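> here is a sequence with its predicted model. Questions after.
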Amino acid sequence: MSTSTHAPAINLHGIWAIYRFEMARALRTLWQSLVTPVITTSLYFVVFGGAIGSKISTVGGVGYGSFIVPGLIMLSLLTQSISNASIGIYFPKFTGTVFELLSAPVSAMEMVVGYVGAAATKSIVLGLIILATAALFVPLQIVHPFAMLAFLVLTSVAFSLFGFIIGVWAKGFEQLSFVPALLITPLTFLGGAFYSIDMLPQPWRTVSLFNPVVYLVSGFRWAFFDKGDVSVGVSLGVTAVFLLACLGVISWIFKTGWRMKN
Amino acid sequence: MDVVLSVAGVSKVYASGQRALEPVNLDIRRGEIFALLGPNGAGKTTLISIICGIVTPSTGTVTVLGHDAQRDFRSARRAIGLVPQELSVDMFETVLATVKFSRRLFGRAPDNAYVEQVLRDLSLWDKRDAKIRELSGGMKRRVLIAKALSHEPDILFLDEPTVGVDVALRRDMWKLVHRLRAKGTTIILTTHYIEEAEEMADRVGVIDKGRIILVEDKAALMKKLGKRRMAITLQTPMAAVPSALEGWSVALDDEGKTLVYTFDSENEHIPILLAKLGELGIGYSDLETHKSSLEDIFVDLVERKDAA
Ligand SMILES: Nc1ncnc2c1ncn2[C@@H]1O[C@H](COP(=O)(O)OP(=O)(O)OP(=O)(O)O)[C@@H](O)[C@H]1O
Ligand SMILES: [Mg+2]
């Protein structure tokens, strides 16, 4: 049999093609991708910052309006990462164009880097835009800017990976919105996005510690105000474990072809 | 013989329990046009999907240009372009963007001149900035072909390329296939239009119920299996075949007005038969010979298999 030369070990063109495609998709739907979350965030400020903030003046020495900023960003970050990444991979499965991805010389990890990289990029940009929007409403301080960025990136990547898994798992559009709406939003609201879990009576404070979002919000808040509900090391650890767990599930998906291939 | 693609013991049982392919062995030669013929549900798309990496085989291996399609999937897949049976395209993309996307996805650096040439060859250049959802079905199929050709594959799969395509586009497509072959591209196509296989293919494979029941050079196949028949229109109808013609494969048709002679391509004795008719004083007013098409052969084969 005749042979041809070997392909390069990494298909950088392939990764770039997927990344660009996904970014172009966001630009086409710029309205949904960016404007909607900005408006939603502004509404949160009006309701929580304005109405409730006038009753609660400070939390742990931080003005209530400022206090909710990290939680607000987290809320958008989690839901948008999941919905971006899940639609990114679900849509080709839905329309059938996934045949091209599956037949391309693109490894599983390259596909993940393309899709998750694009989803995470969008989330990071979104987080920064919400941050800028927030700065219009409340005075903001960021004590640990690099840690803030690190949490922003880490969370975006972790939840984009999670979204990718949901996109592979989903068999219909309802299922795509199911997890963000019924799992992530409640967990975020109960995860101290708008209050410190110290404010909760027992046993709810202990129960809250089983909610992984508590650690994300706490770590992020620590980066802003130098204080969180749990220590920053624990926050970082939980985020990293979640990220690794998602990576593990994804490699299993590609090894078995689960819901991707017949 | 220069084999570019080798399928060895490939079988498929879908998760539903459906046996789509029995273990299949098939070698494709460099530069040939290979037509895979078979009725609905025979396993054509399944076989192609396994070769292209879309479906995981239950058993067996695929080797593309010497590369194992699973272990060395990058080198194997880079060499392959696939035009699927279904019209699956990104509706919101433009024609140009989607073809450029495919090229990169398959690991090739951008090459605007090449992409332009492909689009021109498929009469898509004028539509390059159109959104795909604005195109007609035939145009969408061309876009799929352009995508499959975008990375300059050595082997091109066309899964029922001319379904739902008008005569003009079909002719364009045949021309394109010939042009690609002239450039050395190996082409494997499945089709329901047997005249298409007859017109284009160098070799023909017939698949039925997940089994390849025959692979043969088209010409040899036509010769070997092609039955021919000659209809002799008689001047006076006959009630029965004259006993003098016993031993000849002749029969009466059309209420005795036509005498039908069937023979193999390799075994014809028309002059002798006609002389014999002359001896017997049987007058005839017309002669018509008919060569069986690939379609007849195909139906014959599948039916014979079903009967067995
Ligand atoms: N995803 C699937 N899950 C279960 N069974 C399948 C699947 N895809 C195909 N089959 C079954 O496998 C068999 C072969 O199907 P395949 O699509 O390969 O046939 P085909 O020769 O391409 O037919 P057609 O000419 O209609 O395109 C059929 O019985 C079909 O129902
Ligand atoms: Mg088919």
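Thanks, I have it. Ligands and ions are numbered 1, 2, ... in the order given.
> quick one: contacts for the spatially closest residue to A:Leu75 that is not a sequence neighbour?
Nearest residue to A:Leu75 in three dimensions, chain neighbours excluded: A:Thr188, at 4.7 Å (CB to CB, 6 or more residues apart in numbering or on different chains). From N, CA and C alone the C-beta is placed, and that goes for glycine too. For A:Thr188, the contact set (CB atoms under 8 Å, 6 or more residues apart in numbering or on different chains) comprises A:71, A:74-75, A:78-79, A:213, A:217.
> and the host helix or strand of A:Thr188, how far from the chain's centre?
Element membership for A:Thr188 (DSSP states H and E) is helix A:185-189. A distance of 13 Å separates the C-alpha centroid of helix A:185-189 from that of its chain, computed with CA atoms, centre = their mean, to the nearest Å.
> before we move on, what about stretch B:13-26?
Per CA atoms, centre = their mean, the centroid offset for stretch B:13-26 relative to its chain is 21 Å.
> measure A:Phe194 to ligand 2 for me?
Using CB to the ion, to the nearest Å, A:Phe194 is found at 55 Å from ligand 2.
> so what pLDDT did residue 252 get?
Looking at chain A here, since you left the chain open. At A:Trp252, the model reports a pLDDT of 85.
> please go with chain B instead
For B:Leu252, the model assigns a pLDDT of 89.
> go on, A:Lys93?
As predicted, A:Lys93 sits at a pLDDT of 90.
> distance check, A:Phe48 against ligand 2.
56 Å.
> about what we covered before: so which bits of the helix holding A:Thr188 are buried?
A:185, A:187-188 (16 or more other CB atoms under 10 Å in any protein chain shown).
> out of those, which comes closest to B:Leu36?
Set against B:Leu36, the nearest of the buried residues of helix A:185-189 by CB to CB is A:Thr185 (51.1 Å).
> contact partners for the closest one?
Counting by CB under 8 Å, 6+ apart, A:Thr185 touches A:75, A:79.
> so how far is B:Ile272 from whatever residue of the stretch 151-300 of chain B ends up closest to chain A?
At 7.0 Å from chain A, B:Asp154 is the closest residue in the stretch 151-300 of chain B, using CB to the nearest CB. Using CB to CB, to the nearest Å, B:Asp154 is found at 51 Å from B:Ile272.
> what about these two, which has more around it?
In this view B:Asp154 and B:Ile272 are compared by other CB atoms under 10 Å in any protein chain shown, and B:Asp154 has more residues nearby, 19 against 10.
> just the element for A:Phe99, please.
A:Phe99 is located in helix A:98-103, with elements delineated by DSSP H and E.
> close to chain B, is that helix?
Yes - using CB under 8 Å from any CB of the partner chain, helix A:98-103 reaches chain B at A:99-103.
> so which elements touch that helix?
Counting by 3 or more CB pairs under 8 Å, 6 or more residues apart in numbering or on different chains; DSSP states H and E, the packing neighbours recorded for helix A:98-103 are helix A:64-95, helix B:44-52, strand B:80-83, helix B:95-105.
> out of these, which is closest to ligand 2?
Closest to ligand 2 of these, according to CB to the ion: helix B:44-52, at 3.1 Å.
> partner residues bridging B:Thr63?
B:Ser6, B:Asp68 (DSSP bridges).
> contacting residues around A:Leu128?
A:Leu152.
> and it, that one's in a strand?
No - counting by DSSP: H, G, I helix; E, B strand; the rest coil, A:Leu128 is not found in a strand; it is helix.
> list the contacts of stretch A:21-38.
A:76, A:80, A:84, A:88, A:114-115, A:118-119, A:121-122, A:125-126, A:129-130, A:133, B:92, B:97, B:101.
> if we can go back for a sec, among the helices and strands packed on helix A:98-103, which comes closest to ligand 1?
Of all the helices and strands packed on helix A:98-103, helix B:44-52 sits nearest to ligand 1, with 3.1 Å by CB to the nearest ligand atom.
> what about that closest one, near chain A?
Yes - Helix B:44-52 comes into contact with chain A (CB under 8 Å from any CB), by way of B:49, B:52.
> same for that helix, what does it pack against?
Against helix B:44-52 (3+ CB pairs under 8 Å, 6+ apart) you get helix A:98-103, strand B:3-13, strand B:19-29, strand B:33-37, strand B:59-64, strand B:80-83, strand B:155-159, strand B:186-191.
> the helices in chain A, which residues?
A:12-28, A:30, A:36-44, A:64-95, A:98-103, A:108-137, A:145-169, A:173-179, A:185-189, A:204-208, A:212-225, A:232-256 (DSSP state H).
> quick one, the first one and helix A:108-137 angle?
Helix A:12-28 and helix A:108-137 are oriented at 30 degrees to each other (axes from the mean of the first three to the mean of the last three CA atoms, to 10 degrees).
> what's the following helix or strand after helix A:12-28?
According to DSSP H and E, the helix or strand after helix A:12-28 is helix A:30.
> next one: that next one to chain centre, how far?
Put simply, helix A:30 sits 18 Å off its chain's centre (CA atoms, centre = their mean).
> state the mean pLDDT of it.
Mean pLDDT, helix A:30: 79.
> same check, this time on stretch B:107-116
pLDDT averaged over stretch B:107-116 gives 96.
> can you give me the end-to-end span of it?
18 Å (CA to CA, to the nearest Å).
> hmm, it touching chain A?
Yes - using CB under 8 Å from any CB, stretch B:107-116 reaches chain A at B:107-109.
> sorry, back to before: so, in contact with ligand 2 or not, the helix holding A:Phe99?
No - judged by CB under 5 Å from the ion, helix A:98-103 makes no contact with ligand 2; its nearest approach is 12.6 Å.
> got the contact list for that helix?
A:18, A:92, A:111, A:260-261, B:49, B:52-54, B:77, B:80, B:82, B:84, B:86, B:88, B:102, B:105, B:147.
> for it, buried residues please.
A:98-103.
> that helix near ligand 1 at all?
No - Helix A:98-103 lies out of reach of ligand 1 by CB under 6 Å from any ligand atom, never closer than 12.0 Å.
> what's around the residue nearest to B:Leu259 when sequence neighbours are not counted, how many residues?
Leaving aside its sequence neighbours, B:Leu259 sits nearest to B:Ile232 (CB to CB, 6+ apart; 4.3 Å). When neighbours are defined as other CB under 10 Å, B:Ile232 has 22 of them.
> would a markdown table of the residues of helix A:98-103 next to chain B with pLDDT be doable?
As requested, the residues of helix A:98-103 next to chain B are exported to a markdown table (pLDDT from 0 to 100):
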| residue | pLDDT |
| --- | --- |
| A:Phe99 | 94 |
| A:Glu100 | 95 |
| A:Leu101 | 94 |
| A:Leu102 | 93 |
| A:Ser103 | 95 |
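> just give me the closest of the residues you listed to B:Asp126.
A:Glu100 (24.1 Å).
> tell me the bridge partners for the residue nearest the centre of chain B.
For chain B, the residue nearest the mean C-alpha position is B:Ala35 (2.9 Å; CA atoms, centre = their mean). B:Ala35 has these beta-bridge partners by DSSP bridges: B:Leu189, B:Val204.
> OK, contacts around it?
By CB under 8 Å, 6+ apart, the neighbours of B:Ala35 are B:188-191, B:196-197, B:200-201, B:203-205, B:218.
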